[in-house]
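# Any chance you can model this:
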Amino acid sequence: MDSGQRIVDSSCARFVLGLPMAVKNYTELIAWQKAMDLAVAVYAATEAYPQREVFGLANQMRRAAVFIPSNIAEGQGRATTKDFVHFLAVSRGSLQELETQAILSHRLQFISDPTRDGLLNASLELTRILHGLINSLSASV
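Residues are numbered from 1 along each chain as shown. Alright, predicted model coming up:
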C-alpha cells in the first residue's frame, strides 16, 4: 500500500481510497488488533506483580484488558451498527479503567516508568482509534 492510501475501520467495510472493502471478520479491525496487543502487554506487565496481587490488581488489569478486544469482537458480530457502537463504547470504558489501574500500579511501585508509559501510550492510541470508529459509525446511524 502506498503512503497516499488511507484505511479507516467501519462496522462492515474498510475504505481504501474511498472504495469499500468488506471486513469479513473482527480480526481485520485495527481497533481489535491494537486491543489484543495491549492485552498481551498487560499480561507481561502484571507477571511480576507481588503474589498478594495475583487475585487483586493484577487480575483486575488482566480482566479489563481482555474485556476490550472481546467487546470489539462481540459488537462487530451484532446485527446492527447501533449495537456495535454500544460495544465500542463499553470497550472505551474498560480502556479508561485499565489506564487508571496502570497509574495505580505505578504509584504502588508494581511497574516501572517505562512500563507505565508503554501501557498508557498504547491505550492513548487505542482510545483515538475507538473514538474515530465510534464517530464514523455514529454518523451512519
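
# got the residue ranges for the helices in this protein?
In the chain, the segments counted as helices under DSSP state H are 30-46, 57-76, 81-107, 113-139.

# lowest average confidence, helix or strand, in the chain?
None of the helices or strands of the chain scores lower by mean pLDDT, DSSP states H and E than strand 13-16, at a mean of 39.

# Identify, out of the helices of the chain, the most deeply packed stretch.
Across the helices of the chain, averaging neighbours per residue (mean count of other Cβ atoms under 10 Å) puts helix 57-76 on top, at a mean of 21. Yep, even glycine has a C-beta here, placed from its N, CA and C like the rest.

# got the angle between it and helix 30-46?
If you take axes from the mean of the first three to the mean of the last three Cα atoms, to 10 degrees, helix 57-76 sits at 170 degrees to helix 30-46.

# Hey, what's the angle from helix 57-76 to helix 81-107? Just curious.
Using the same axes, to 10 degrees: helix 57-76 against helix 81-107 is 160 degrees.

# Can I get helix 57-76 in CSV? Just the C-alpha atoms.
These are the backbone C-alpha positions of helix 57-76, laid out as CSV (Å, rounded to 0.1, in the frame of the first residue of the first chain):
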residue,chain,number,x,y,z
LEU,A,57,-5.0,-5.5,41.0
ALA,A,58,-3.2,-7.9,38.5
ASN,A,59,-6.4,-9.8,38.0
GLN,A,60,-8.4,-6.7,37.5
MET,A,61,-6.0,-5.3,35.0
ARG,A,62,-6.0,-8.6,33.0
ARG,A,63,-9.7,-8.8,33.0
ALA,A,64,-10.1,-5.2,31.8
ALA,A,65,-7.5,-5.8,29.1
VAL,A,66,-9.3,-8.9,27.9
PHE,A,67,-12.7,-7.2,28.0
ILE,A,68,-11.6,-4.6,25.5
PRO,A,69,-10.9,-6.7,22.4
SER,A,70,-13.7,-9.1,23.5
ASN,A,71,-16.3,-6.3,23.3
ILE,A,72,-15.0,-5.1,20.0
ALA,A,73,-15.4,-8.6,18.6
GLU,A,74,-18.9,-9.1,20.1
GLY,A,75,-20.0,-5.7,18.9
GLN,A,76,-18.8,-6.3,15.4
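
# Is residue 140 in contact with residue 81, as I believe?
Yes - the criterion here is Cβ atoms under 8 Å, and residue 140 meets it with residue 81 at 6.1 Å.

# Cheers, nothing more for now.
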